[in-house]
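Chemist: Whatever this is, show me its structure:
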Amino acid sequence: MPQKITDTAQLSCNQGTMPSNLSVTSQNFSTAEGKYIATEHDKQANVNIKPFGQCKLKPTIGRYLPCLPVPTAWQKTTEKDTINNYKIITEDSFCICNIGGKIEITDKGHSEKHEIL
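Modeler: Numbering: from 1, shown residues only. Okay, the predicted model is just below:
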């Protein structure tokens, strides 16, 4: 069963050169190990999802431009469990970037186990 993710979960973009951490701003009361649980509303570039180093889809002479995410909606979220009427992001969730990359969770940000639907 996929596990929910929290603030400080590590993200990666398959077109970026560095990982990034998720910042949860969608709610401030539901936690796991003292960290806020992430919801589908946590998808704002440079607020919830920080840059991923350099973008392999933006080459310039001798280097790449910064990997500034343009996230769409989170996919594969919970079916029934919600916080503030927002579905919860799980370790199986991903988000497509409008530039062309795929943002995935590489570390859920906590070690607790939770049953979610």
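Chemist: Show me what the helix or strand of the chain with the lowest mean pLDDT is in contact with.
Modeler: For the chain, counting by mean pLDDT, DSSP states H and E, strand 31-32 ranks last in confidence among helices and strands (a mean of 91). The contact list for strand 31-32, computed with Cβ atoms under 8 Å, 6 or more residues apart in numbering, reads Lys4, Thr6, Ile37, His110, Glu112, His114. Where C-beta positions appear, they are placed from N, C-alpha and C, glycine not excepted.
Chemist: Check whether the second one really touches Ser30, as I assumed.
Modeler: Same thing as Thr6. No. Contact criterion Cβ atoms under 8 Å: Thr6 and Ser30 do not qualify, at 9.6 Å.
Chemist: So between those two, which is more surrounded?
Modeler: Thr6 (22 against 15; other Cβ atoms under 10 Å).
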